[in-house]
Every structure is written in structure tokens, then in C-alpha cells.
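Engineer: Predicted model and sequence below, questions to follow.
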Amino acid sequence: MKIQVSASILSADFTRLGEEIKKCEAAGVDMVHVDVMDGHFVPNISIGLPILEAIRPLTKLPIETHLMITNPWDYVEAFAKAGADIISIQVECYGIPAIKREAHDFTPWSVTKIDAEKMLVDIRKIKAAGKKAVAVLNPATPLCIDGILKEIDGVLMMSVNPGYAGQKFMPEALPKIKELRDNFSKDISIDGGVNGETAPLAVQAGVNILATASYFFGSSNPKELVTNLKKLK
Ligand code: DX5
Ligand code: ZN
């Protein structure tokens, strides 16, 4: 499969967001990745609908919204309306048993079983809006997505515990990608700690979309970086 690069604006300069989007285009990235964090699913709070609405008219590149929020069901339609092309929702929100958190507990979420029917309701909402639906798995969540596999457009494997850019790649994601690739021919993305050393491992495992924040926005030659990532086999 052709390798694609998704640039996460989490590491962009927010005072010059329009120029940063143009930088993504000029560098040849395939899509823009918007990390939405609610301060509950993850410890951090980032950006949301108003920023998506602001950047939507600036680019024709597909925009992926990665929803690291506890209650995606309340927001998927709003993100579709605000212009997301791809809406990525975390499977942990649909875990059985449902995760209940104490205040101030930010242990990374993982589940071993999901309520597939519940998640399918939201996947169908996304698709009814004409958008692509992607299922996201945290590093410690095993492959538990058989019940939704036929209806999703892609799987995004987290290779860091979500919440921040610039973290170290967690190789736990790799065996899951290999196993999934054996019976899943649609998009498999990886997100977290992608760089010149880790991207080849992800591609060898079966990934076709590489999401990157700090590696891309920290580069002095983003065009060359993207060209090299796209050459990986
Ligand atoms: C992590 C986000 C990632 C993050 C990646 O919570 O979902 O998209 O921005 O950042 P890097 O590429 O710096 O690891
Ligand atoms: Zn992300």
C-alpha cells in the first residue's frame, strides 16, 4: 500500500496556525490530524470544534479528528458538521465493563472487550454523515474489534499513551498491527513517537498511514522528511 503521512497540528505553532497548515501542504502531507483532548479521557486539554471550523476553509487536505474524549457519542455529528473528513474514536469508551474513573485518576485507559453494538451506533452516525470512521486502540488495549471490523474504514494504533506530543514510541503496537494486517485490508495508521527510526518498524508491521506531530513540526526540512517517510516499504 502507498504510505501516507498525517501531520498532527498538536506540535504546530498555534499563533500561526494558517501558515502551519500551508506548511503541511507544501511538504506533501496527505492529511491533517487534529488531536482533540477533553481533560478526562486523557490528562491534557487541547483543541476542539472552533479550531476545526477555523482551519477547515484553509485547506483541501482531508482532516482527521482524533477524539480523545470520554463521550464521543455526544460529538461525532458536530465534528462531521464542522468539516472533519475522518472521525477517529477510541474503543476504550465502549469497554465492557465501562470504565469509571475517580477524580484525578489519569491511568491510561485500556479494555479487553467492547460493546460492539454501542460502538456501531456511532460508527454508523459518522458514515451517515458521509465521513470515514476509524477505531483507535490505546497501547495496552488488545485487538478486541472483531465486532466492528466490517464497518470501519480504518484502525489507528496508538504507540504512546495519548495526551501529549513528543513521547517515546511504545513497540507494543507492532504485534497488534501485524496480526490485524493479516485480515484487514483497509487503512492502518500509527500515532505516537513516529520518527526516522520507528516509522520503518511500523511500515514493516503493516501500517500505511504515519501520524506525526513533533517529528514533522520540529523538522527543518519537512518536505524531505515526508518524501523519505513515503518511500518506506
Ligand atoms: C497523542 C496524540 C498524537 C500526538 C503525536 O496523544 O494523539 O497524535 O500528537 O505526537 P508525536 O508525533 O510527537 O508523538
Ligand atoms: Zn492523535
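Structural biologist: Sure thing, it's come through. Ligands and ions are numbered 1, 2, ... in the order given.

Engineer: contacts, neighbours, all on C-alpha from now
Structural biologist: Noted.

Engineer: Got phi/psi on V34?
Structural biologist: Backbone torsions for V34, taken as degrees, to the nearest 10, come to phi -110, psi 120.

Engineer: Residue numbering should commence at 4 henceforth.
Structural biologist: Right, with 4 as the first residue, what we last looked at is V37.

Engineer: beta partners for it?
Structural biologist: Beta bridges link V37 to T68 when assigned by DSSP bridges.

Engineer: Surely it touches S9?
Structural biologist: No - the criterion here is CA atoms under 8 Å, and V37 misses it with S9 at 9.6 Å.

Engineer: neighbour-wise, which of the two wins?
Structural biologist: Higher neighbour count among V37 and S9: S9, with 27 against 24, using other CA atoms under 10 Å.

Engineer: does that one count as helix, strand or coil?
Structural biologist: Under DSSP: H, G, I helix; E, B strand; the rest coil, S9 falls in the strand class.

Engineer: so what's it up against?
Structural biologist: Shown in contact with S9 (CA atoms under 8 Å, 6 or more residues apart in numbering): V32, D33, M34, V35, H36, I212, L213, A214, T215.

Engineer: residues contacting the last one?
Structural biologist: Contact criterion CA under 8 Å, 6+ apart gives V8, S9, A10, S11, D194, G195, G196, V197, N198 as the residues in contact with T215.

Engineer: what's the answer for the fourth one, then?
Structural biologist: Neighbour list for V35: S9, A10, S11, I12, I24, C27, L64, P65, I66, E67 [criterion: CA under 8 Å, 6+ apart].

Engineer: center of the protein, which residue is that?
Structural biologist: H69 (4.6 Å; CA atoms, centre = their mean).

Engineer: Does that residue touch I92 like I think?
Structural biologist: Yes - the pair H69 and I92 passes the contact test of CA under 8 Å, sitting 6.5 Å apart.

Engineer: need the residues of this structure near ligand 1, please.
Structural biologist: 11, 13, 38, 165-170, 194-197, 215-218 (CA under 6 Å from any ligand atom).

Engineer: PyMOL command to pick out the buried ones of those?
Structural biologist: Here the buried members of those are turned into a PyMOL selection, burial being counted by 16 or more other CA atoms under 10 Å:
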select buried, resi 11+13+38+165+166+167+168+169+194+195+196+197+215+216+217+218
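
Engineer: Mind checking which of the residues of the chain next to ligand 1 land in strands?
Structural biologist: Among the residues of the chain next to ligand 1, the residues falling in strands (DSSP state E) are S11, D38, D194, T215.

Engineer: Next up, the contacts around the third one.
Structural biologist: The one in question is D194. Taking CA under 8 Å, 6+ apart, we find D194 in contact with L159, M160, M161, S162, V163, L213, A214, T215.
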